[in-house]
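S.K.: I would like the atomic coordinates for the input below:
(2 chains)
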Number of protein chains: 2
Amino acid sequence: MTSTTATTKSTPVITSAELLKHWQDHRTLSRKVLATFPEKDLYEFSIGGMRTYNVLAGEMLGLASAGINGVATGKWETTPALDHFNESIHITTKAEFLAAWDEVTEQIEVLWPQIPADRFQQTEAAFGQYPNTIINTILYLVDNEIHHRGQGYVYLRALGIEPPAFWDRF
Amino acid sequence: MTSTTATTKSTPVITSAELLKHWQDHRTLSRKVLATFPEKDLYEFSIGGMRTYNVLAGEMLGLASAGINGVATGKWETTPALDHFNESIHITTKAEFLAAWDEVTEQIEVLWPQIPADRFQQTEAAFGQYPNTIINTILYLVDNEIHHRGQGYVYLRALGIEPPAFWDRF
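M.R.: Next up, the predicted model:
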């Protein structure tokens, strides 16, 4: 260590570019997990009455898309096909899922640099429903994806399929 | 929004105090999940050949303890009872687990303010094994805990037990 100056509460520890990379790296792993599911099991397999993985992955996808829109523009909306809050709408094949995943990856790359610099500390009702600071909403989106993806690991193991390594986000 | 100044790559988005709270809030939820497991199932139940939850929770606990030591002091070590890298050592009751959890919570509170301010961007082999920046090692610890805790949710659901809500970190 080159310094003994202690951290203060306000010491910045993560930059915008680092957080974007963190989110996208996790989304890369989540895409691999999605791709690992057999198509039939993606839509049919579950444990303990939980949601099937297509619903969990659909939640990740819809929240990421409406989330980055809301973070960057204040409009917490996405396209009808990805609208997580409309339960009647689903993506019906794994190929469509993966294509939509890539579209949202690009959407995040485009919108992230447009986030106003003072936006992260603002408080706003995410998705019109959940009051939080923008930074905490972003962290919630990433954490929620990790949480449900971890559940997908159990589904895959129960199916006798080895999931991608947790550290494999490249 | 009060500004149209766009975010740059180096815009700080998370402070030290926010990251500490983020970690501890997640640990609060993880403690609730641990407490929700019936003692027998904690040590015996698993799905698909995966590790039982005592092993997963033991990993969280040992990595958090040795991790905060390493982050703050460069010594990636913990007490023998929490040494994740020594597979022969285990905590044998849920009560001991919860007591150890609270000790590590306190350990993190004490050591966090001692982290040198320039430490987060330094690169070092975490636990003597995994070269990474300190900030990424911290994020990895949190993410790994979310990942395995999500798996614990499936175990609980499979056992017919309702887990704590994902947002309940208070």
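S.K.: show residues contacting stretch A:155-167.
M.R.: A:29, A:32-33, A:36-38, A:41, A:45-47, A:53, A:152-153, B:47-50, B:140, B:144, B:147, B:154 (C-beta atoms under 8 Å, 6 or more residues apart in numbering or on different chains). Heads up, the C-betas are built off the backbone N, CA and C, glycines and all.
S.K.: oh sorry, the question was meant for stretch A:77-94
M.R.: A:34-35, A:37, A:39, A:42, A:54-55, A:58-59, A:61-63, A:65-66, A:69-70, A:97, A:100, A:104, A:127.
S.K.: just the angle between the helix or strand hosting residue A:136 and helix B:134-158, please?
M.R.: If you go by DSSP states H and E, residue A:136 is part of helix A:134-158. Helix A:134-158 runs at 50 degrees relative to helix B:134-158, counting by axes from the mean of the first three to the mean of the last three C-alpha atoms, to 10 degrees.
S.K.: off-centre distance for helix A:134-158?
M.R.: 7 Å (C-alpha atoms, centre = their mean, to the nearest Å).
S.K.: what do you get for stretch A:149-165?
M.R.: Worked out by C-alpha atoms, centre = their mean, stretch A:149-165 lies 18 Å from the chain centre.
S.K.: and stretch A:99-106, by the same measure?
M.R.: With C-alpha atoms, centre = their mean, you get 11 Å for stretch A:99-106.
S.K.: same check on stretch A:81-100?
M.R.: Centre to centre, stretch against its chain (C-alpha atoms, centre = their mean), the figure for stretch A:81-100 is 14 Å.
S.K.: what is the end-to-end distance of that stretch?
M.R.: 9 Å (C-alpha to C-alpha, to the nearest Å).
S.K.: counting neighbours, which bits of that stretch end up buried?
M.R.: A:81-84, A:91, A:94, A:97, A:100 (16 or more other C-beta atoms under 10 Å in any protein chain shown).
S.K.: try stretch A:114-130
M.R.: Residues A:115-117, A:119-120, A:122, A:124, A:126-127 are the ones in stretch A:114-130 that count as buried (16+ other C-beta under 10 Å).
S.K.: kindly report the same for stretch A:129-136.
M.R.: Neighbour-count burial for stretch A:129-136 flags A:132-136 (criterion: 16+ other C-beta under 10 Å).
S.K.: one more: stretch A:65-78?
M.R.: Applying 16+ other C-beta under 10 Å to stretch A:65-78 flags A:65-72, A:76, A:78 as buried.
S.K.: separation between the closest residue to residue A:112 other than its chain neighbours and residue A:168?
M.R.: Nearest non-adjacent residue to residue A:112, counting by C-beta to C-beta, 6 or more residues apart in numbering or on different chains: residue A:20, 5.0 Å away. Separation of residue A:20 from residue A:168 (C-beta to C-beta, to the nearest Å) stands at 19 Å.
S.K.: and residue A:151, by the same measure?
M.R.: From residue A:151 to residue A:168 the distance is 18 Å (C-beta to C-beta).
S.K.: okay, those two: which has more neighbours?
M.R.: residue A:151 (22 against 11; other C-beta atoms under 10 Å in any protein chain shown).
S.K.: pretty sure the more buried one sits against residue B:152.
M.R.: No. Look at residue A:151 against residue B:152 with C-beta atoms under 8 Å: they stay out of range, at 9.6 Å.
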